[in-house]
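sequence first, predicted coordinates after that:
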Amino acid sequence: MDIVAQWVRTVWTEDATGGSAATLPVAFELPELAPLLTHEVTQQEWHDFAPHSTVHHGRPDENQVTLHEEADRVRVNLQVSPIGRPFRARRPPAVWVKQGEVVRWQINYRYSGLTTDAWIYALDTLNVACGPVAEDVFLSTPTHHVSELVNLF
């Protein structure tokens, strides 16, 4: 089955909280089409939130998301960062995505600074589509939306 994944990772400090980071995109047009494709886009405050894109031909990292194929559908389950806060005791179940469907899974984190006491904040958005897709597949409303967004402040 054709699986296309897109990670959009936005990272900022407290200085940008409530500012431009709040209005950044959580999906982008795909730079190319391939049956197994992972497109990663990072937007970081210290780079003025300019999107930086990379493409990998293959599935996303199993330590970040598990994909289980069964007949004409894929079970998508986002893995939580082991160092991100807050700890989530209860999490949403995995989502089944059929051919022609899209799931958007969002989760946010707070990390302690490595060299300072400042917090670093992150919003990770995982978009996954099954089947043949167009470059703009993630720009429309997803079939499934999972939100693990919590108050980080």
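It's in.

OK, contacts around residue 67?
Going by Cβ atoms under 8 Å, 6 or more residues apart in numbering, residue 67 touches 3, 59-60, 74-76, 128. Every residue, glycine included, has its C-beta placed from N, CA and C.

swap in residue 35?
For residue 35, the contacting residues are 2-3, by Cβ under 8 Å, 6+ apart.

can you do 6 Å?
Contact analysis of residue 35 by Cβ atoms under 6 Å, 6 or more residues apart in numbering lists residue 2.

distance check, it against residue 105.
Separation of residue 35 from residue 105 (Cβ to Cβ, to the nearest Å): 21 Å.

in JSON lines: the contacts of residue 67, plus secondary structure.
Shown next, in JSON lines, are the contacts of residue 67 (DSSP: H, G, I helix; E, B strand; the rest coil):
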{"residue": "3", "secondary structure": "strand"}
{"residue": "59", "secondary structure": "coil"}
{"residue": "60", "secondary structure": "coil"}
{"residue": "74", "secondary structure": "strand"}
{"residue": "75", "secondary structure": "strand"}
{"residue": "76", "secondary structure": "strand"}
{"residue": "128", "secondary structure": "strand"}
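
in the protein, what residue spans correspond to strands?
3-13, 36-44, 52-56, 65-70, 73-78, 95-98, 102-112, 119-130, 144-148 (DSSP state E).

residues in contact with the third one?
Counting by Cβ under 6 Å, 6+ apart, the neighbours of strand 52-56 from elsewhere in the structure are 31, 38-42.

of the residues you listed, buried ones?
38-42 (16 or more other Cβ atoms under 10 Å).

nearest to residue 9 among those residues?
residue 42 (4.9 Å; Cβ to Cβ).

can you name the residues bridging to that closest one?
Beta-bridge partners for residue 42, by DSSP bridges, are residue 9, residue 52.

swap in residue 105?
Those that pair with residue 105 in a beta bridge, by DSSP bridges, are residue 126, residue 146.

also residue 5?
residue 38, residue 128.
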